[in-house]
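Chemist: Structure for the following, please:
(one chain, ligands or ions: 2)
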Amino acid sequence: MSIRLDNISKTFDKFQALSPMSLNIEDGEMIGLLGPSGSGKTTLLRIIAGLEGADSGRIQFGQRDVTNLHVRDRNVGFVFQNYALFRHMTVADNVAFGLEVMDAKQRPNKAEIQKRVQHLLDMVQLGHLAKRYPSQLSGGQKQRIALARALATKPDVLLLDEPFGALDAKVRKELRRWLRNLHDEIGFTSVFVTHDQEEALELSDRVVVMSNGHIEQVDAPAQLYAQPNSRFVFDFLGNVNVFDAAAQGSRLTHQDAWLETPHQDGKTQAGQLYIRSHELALHPAPTTQAHLPLRVIAVNPIGPEVRVELAPDGWQTEQVWEADLSHADYERHPVQRGDQVFAAPTSGYFFTADSQGSPERLHWS
Ligand code: ADP
Ligand code: MG
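Modeler: Ligands and ions are numbered 1, 2, ... in the order given. Predicted coordinates:
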């Protein structure tokens, strides 16, 4: 079922939780709402559900205008972070709940309910736990039951609010892979909230990046990563070093540090160069293109790359810089805590000081 949000806004007292926003979600799409705490993700999800009314705008599910429809009549399923299973009911009764409370006209008969519950439990691979109570389940199992329960009434739309937030890292990873498979198998339309960028990028067909009650960018994960359209999206999507620079001819400068820009015309402007941690090379001496002295403050060789943390040496930034080096590169020039190194970006994204829009992609050869 497609979802169309048109000019939706929301204030609480005088606080604008959502600025007017529009969004089209396609039938069968899995959409991730990604943003820091307080950015309005849950509010937007609750408005889609009908648990909260919007101050302005319209919501359509397929051809149906649901703007003024009660949550009960929207045919949505929910999964929240805190399981919300009924403690006094068995797993099977929890899953059956939504069906049992349907009004008599729509409610399937007992045998039909039983069959459907069994099918759902098999689908979430917990058929053998039908007679258990929630307290006898692990966190991951509870969330799978919550999902089965949400799917029992065959919702048009499945809404999930930080569904894996309370689980440990390994279970989270398993469950999201499993949710993605289930989604592809059944083909429901889903919107899920997360503040975890890895989760959003891995699960979503498209990611909606939110900040301060508005949408920053909506794109497929690969596109979002390749073309972040604002400083905010950049900062939120992982490890990035910011070189805050003045312009001096063809150079970007910051105190004693400088960088020759690869522009052909030999001119540049003041602004910020965003350099991803894996697009920063480390050398024992300055290069002809870059003079960015840094002091190594930590080296972490665990994982697919070697992460080196760096403090500017003789110039200042607000943050610690990070370089992610391949093990091969690291072994060619192994650095240690306390060493002085010279960084040189291989690529970067340049925002001019006055720009509101997309950055310019720069490459150094
Ligand atoms: P998120 O899910 O992204 O963390 P929320 O949608 O929960 O953000 O909240 C967005 C903002 O709206 C927050 O500043 C929050 O305090 C405020 N807010 C949310 N719900 C209410 C409410 N019922 N009453 C007053 N303020 C609220
Ligand atoms: Mg929230």
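Chemist: Tell me who's in contact with R180.
Modeler: Residues near R180 by C-beta atoms under 8 Å, 6 or more residues apart in numbering: M30, E202, L203. (C-beta placed from N, C-alpha, C; glycine too.)
Chemist: For ligand 1, what's its nearest residue on the stretch 101-250 of the chain.
Modeler: In the stretch 101-250 of the chain, the residue that lies nearest ligand 1 is V193 (6.1 Å; C-beta to the nearest ligand atom).
Chemist: Could you give the number of residues near that residue?
Modeler: Residues near V193, counting by other C-beta atoms under 10 Å, number 27.
Chemist: Repeat that for G50.
Modeler: 19.
Chemist: List the contacts of it.
Modeler: V66, L69, H70, V71, D73, R74, V76.
Chemist: Type out the PyMOL command that picks the buried ones from the residues you listed.
Modeler: Only the buried entries of the contacts of G50 go into this PyMOL selection, using 16 or more other C-beta atoms under 10 Å:
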select buried, resi 66+74+76
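Chemist: Now, the contacts of G50 that are in helices?
Modeler: The members of the contacts of G50 all map outside helices under DSSP state H.
Chemist: In TSV, list the contacts of G50 along with pLDDT and distance to ligand 1.
Modeler: Formatted as TSV, the contacts of G50 follow (pLDDT from 0 to 100; distance: C-beta to the nearest ligand atom, whole Å):
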residue	pLDDT	distance to ligand 1
V66	96	20
L69	95	20
H70	93	18
V71	91	15
D73	90	22
R74	92	19
V76	93	17
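Chemist: I'd like the contacts of G50 as a markdown table, with distance to H119 appended.
Modeler: Below are the contacts of G50 laid out as a markdown table (distance: C-beta to C-beta, whole Å):
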| residue | distance to H119 |
| --- | --- |
| V66 | 28 |
| L69 | 28 |
| H70 | 28 |
| V71 | 25 |
| D73 | 25 |
| R74 | 24 |
| V76 | 20 |
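Chemist: Which of the contacts of G50 fall in strands?
Modeler: Taking DSSP state E, the ones among the contacts of G50 that sit in strands are V76.
Chemist: Let me know the distance separating V306 from P334.
Modeler: Between V306 and P334 the computed distance is 9 Å (C-beta to C-beta, to the nearest Å).
Chemist: Give me the more crowded residue out of these two.
Modeler: Under the criterion of other C-beta under 10 Å, the comparison of V306 against P334 puts V306 first, with 20 against 12.
Chemist: list the contacts for that one?
Modeler: Neighbours of V306 in contact, by C-beta under 8 Å, 6+ apart: V299, N300, D324, L325, S326, H327, D329, Y330.
Chemist: per-residue confidence averaged over whichever strand or helix holds V171?
Modeler: Using DSSP states H and E, the element containing V171 is helix 169-186. Helix 169-186 shows a mean pLDDT of 87.
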